[in-house]
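# Kindly generate the corresponding structure for this input.
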Amino acid sequence: MTTPAQRYYGRWARLYDAVAAVPGLRSWRARAVELLAPDPDDTVVEMGCGTGANVPFLRDQVPAGRVVGLDLTREMLAQAHSHADRTGTSVDYVQADATQPPIRSADAVLATFVVGMFEDPAAAVDRWCDLVGTGGRIALLNFQRSDRALATPLNLAFEGFVRLSTPGARLTRASQATVLERRVRAAREALVGRTTSREFETFAGGYLGVLAGRVE
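Next comes the predicted model:
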C-alpha cells in the first residue's frame, strides 16, 4: 500500500525534478556536498534522494567510491534513472524508507530537504550516525525561515511555500513552517549530540542552512 507521501511526490515527480535542477539550488547542493567532505573512495548514502539532483556532485567527490540514493517514491527514482549524469556503474538507487534504511554500512550520509518530513527526525539521524559509525560524516541541508530583519514579509511567503510542498498540509490551519522548523531543529540537535568538527552555513538570505559533522 502506498503512503500519502508516496502518492503526493509520485504525482509531482516531474515538476520536482525540474525545480531541483534550477541554477541557484545547484550551487547550494554542491556546497552541501563539499561540507560533507567524503573521501574519494567512500560509499555515500543519500537519504531521500528524490530525483537524484545531488548525485552528480556526490559522484565527483567519490570518484573511487559509490553513491547510493534511497527514496520512498518509485516515480522519483524513475526520474533519477532518466538522467545520464545521475546514473552509472558507481551509482545505485534503492526504494526504501530513509528512517529505516536497509543499508548495512556506509562512510557518509547526505540528507537534503527530507528531515522536516519525519515524525521523529532525531531517531532517524541517530540511525544514520549508527550506520556510518565512528569517523563517518553526516550533512543535513534544509529550508528554514530567515531571522534577518528585512525577511519578515518573505517569511509569510515561506509559510505558503512549505504548505504547498508538504503532503496534506493544506487540510490543516497549523503553521507548517513551524512544524518544519521544529523537526529540522530536532534533527540538527541530534546531529550535534553525535558529532564533532561541525560546520554550519546559511544561504539564500538565511532561508537555507546546512549542518555537517563527523560522528564521534
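
# Could you point out the helix or strand that follows the lowest-mean-pLDDT helix or strand in the chain?
Least confident helix or strand, the chain: helix 152-164 with a mean of 56, by mean pLDDT, DSSP states H and E. Next in sequence after helix 152-164, counting helices and strands by DSSP states H and E, comes helix 176-194.

# counting contacts, what elements does that following helix pack onto?
Counting contacts by 3 or more CB pairs under 8 Å, 6 or more residues apart in numbering; DSSP states H and E, helix 176-194 is packed against helix 121-132, strand 137-143, helix 152-164, strand 208-215. From N, CA and C alone the C-beta is placed, and that goes for glycine too.

# which residues are in contact with the second one?
What that stands for is strand 137-143. With CB atoms under 8 Å, 6 or more residues apart in numbering as the test, strand 137-143 has contacts from 28-29, 32-33, 35-38, 107-113, 115-116, 125, 128-129, 132, 158, 161-162, 180, 184, 187-188, 191, 194-195, 207-215.

# Mind checking the pLDDT average for that strand?
For strand 137-143, mean pLDDT rounds to 95.

# Partner strands of it, with direction?
Strands adjacent to strand 137-143 in the sheet, as given by DSSP bridges, are strand 108-112 (parallel), strand 208-215 (antiparallel).

# end-to-end on stretch 201-208?
Terminal residues of stretch 201-208 are spaced 8 Å apart (CA to CA, to the nearest Å).

# Any idea how far that stretch is from the middle of the chain?
With CA atoms, centre = their mean, to the nearest Å as the basis, stretch 201-208 stands 15 Å off its chain's centre.

# Over to stretch 77-95?
Distance, centroid of stretch 77-95 to centroid of chain: 16 Å (CA atoms, centre = their mean).

# Touching it from outside, list them.
Residues contacting stretch 77-95 (CB under 8 Å, 6+ apart): 13-14, 16-17, 49-53, 55-56, 59, 62, 65-74, 102-103.

# Now the buried members of these.
Buried members of these, scored by 16 or more other CB atoms under 10 Å, are 13, 16-17, 49-53, 55-56, 59, 62, 65-73, 103.

# Let's see which of the residues you listed end up in strands.
Using DSSP state E, the subset of those located in strands is 66-71.

# quick one: terminal-to-terminal distance for stretch 90-104?
With CA to CA, one end of stretch 90-104 sits 17 Å from the other.

# I meant stretch 51-69, not that one.
9 Å.

# same check, this time on stretch 75-86
End-to-end distance (CA to CA), stretch 75-86: 15 Å.

# same thing with stretch 6-19?
18 Å.

# what's the average pLDDT for it?
For stretch 6-19, the mean confidence score works out to 74.

# now swap in stretch 41-61 and tell me
97.

# and what of stretch 188-208?
On average, stretch 188-208 scores 93.

# How about the residue positioned nearest the centre of the chain: what's its closest non-neighbour residue?
Compute the mean C-alpha point of the chain, and by CA atoms, centre = their mean the closest residue is Thr112, 1.6 Å away. Of all residues not flanking Thr112 in the chain, Leu141 sits nearest, at 4.1 Å (CB to CB, 6 or more residues apart in numbering).
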